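Asks: Have a look at this fold, sequence not included:
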Ligand code: HEC
């Protein structure tokens, strides 16, 4: 009996180790050590299609949804505690107008729906990946995992583990800015190449817009949003305090010389149900001048 009492702490410790090991394995559910991902940075996102989690959660999405704009892709699950840690930061990024696509990894429908309801849904769309097959395509090794995807659908950054305020400041925001700047430069050169408008004429035309829009950096919103930083931005990006219509936000349009031309020709036709009370400019040359002027004062 004495001897038994002596080894009791040892037995207790051994049991503790086993329990902890099992718990750790459980939180790392979904890891598959046999899959060593090749570095995906600079590579196009994999080909995939994911269904929605449920009717009440907007989604799913596929490879093509990640083209034409700078996006983030976040792999998460309701059982992943570190996912909760980064959740407020993702919500903040989403409120700043960054489209974030969620891959819901090895989850169940009721648990995923309840989690998004309880903590809020920062995702533009959520794709349901119950067996983790698509996550493997993305080279996911642990949750959460976050990717930045550029306009051409290429992965420019990957972070494993929760995004902390430090990582957001030091890594994520600079990478997002870089991806957006490249987009802006590409779109900008396309505009100068095909639309060398007359700036003075454009400035006069802008009088038709002035009652509702300002163009200077930090300028106020009027009936319409301040237009600074327009080129390269996603339509309906949340300018500080301006509330765009759902139609504008959901259009997925990126503002360039070309998209602005179509929008200004007939705003309701190009983005149905948007709330800009303006009929359009039929004259192509006039639109070119106006766009050239906008380009010169909004960036
Ligand atoms: C009577 C007010 C009004 C006039 C005039 C007007 N707009 Fe707008 N504009 C708006 C409103 C309101 C919105 C937001 C619409 C929405 O969210 O659906 C908007 C949105 C826009 C957007 C999209 C901005 C974004 O953040 O994505 C652009 C670009 C734009 N207007 C350009 C112009 C130009 C150029 C003119 C002049 C030819 C003009 N607007 C005239 C009210 C106006």
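Replies: Thanks, I have it. All values reported here derive from a predicted model rather than from experimental measurement.
Asks: okay, CA-based contacts and neighbour counts for the rest of this
Replies: OK.
Asks: Now name the helix or strand holding the closest residue to residue 50 other than its chain neighbours.
Replies: Of all residues not flanking residue 50 in the chain, residue 127 sits nearest, at 4.8 Å (C-alpha to C-alpha, 6 or more residues apart in numbering). Per DSSP states H and E: residue 127 is located in strand 125-129.
Asks: On the three-state scheme, residue 103 is what?
Replies: State at residue 103, reduced to three classes by DSSP: H, G, I helix; E, B strand; the rest coil: strand.
Asks: what's across from it in the sheet?
Replies: Judged by DSSP bridges, the bridge partners of residue 103 are residue 75, residue 127.
Asks: How much space separates it from residue 177?
Replies: Separation of residue 103 from residue 177 (C-alpha to C-alpha, to the nearest Å) stands at 23 Å.
Asks: Neighbour count: those two, which is higher?
Replies: Higher neighbour count among residue 103 and residue 177: residue 103, with 30 against 12, using other C-alpha atoms under 10 Å.
Asks: Can you name the residues of the stretch 151-299 of the chain that neighbour the ligand?
Replies: Within reach of the ligand by C-alpha under 6 Å from any ligand atom, the stretch 151-299 of the chain has these residues: 206, 208-209, 212, 223-225, 235-237, 244-245, 248, 274-278.
Asks: Can you select the buried ones from these in PyMOL?
Replies: Applying 16 or more other C-alpha atoms under 10 Å to these, the buried members can be selected in PyMOL as follows:
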select buried, resi 206+212+224+225+235+236+237+244+248+274
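Asks: Which positions in the next helix-or-strand element following the strand holding residue 127 come out as buried?
Replies: Next helix or strand after strand 125-129 toward the C-terminus (DSSP H and E): helix 133-137. For helix 133-137, a neighbour-count test (16+ other C-alpha under 10 Å) marks 134-136 as buried.
Asks: ok, the residue most central in space within the chain - contacts?
Replies: Nearest residue to the geometric centre of the chain (C-alpha atoms, centre = their mean): residue 99, 2.4 Å. Applying C-alpha atoms under 8 Å, 6 or more residues apart in numbering to residue 99 gives the contacts 70-72, 123-124.
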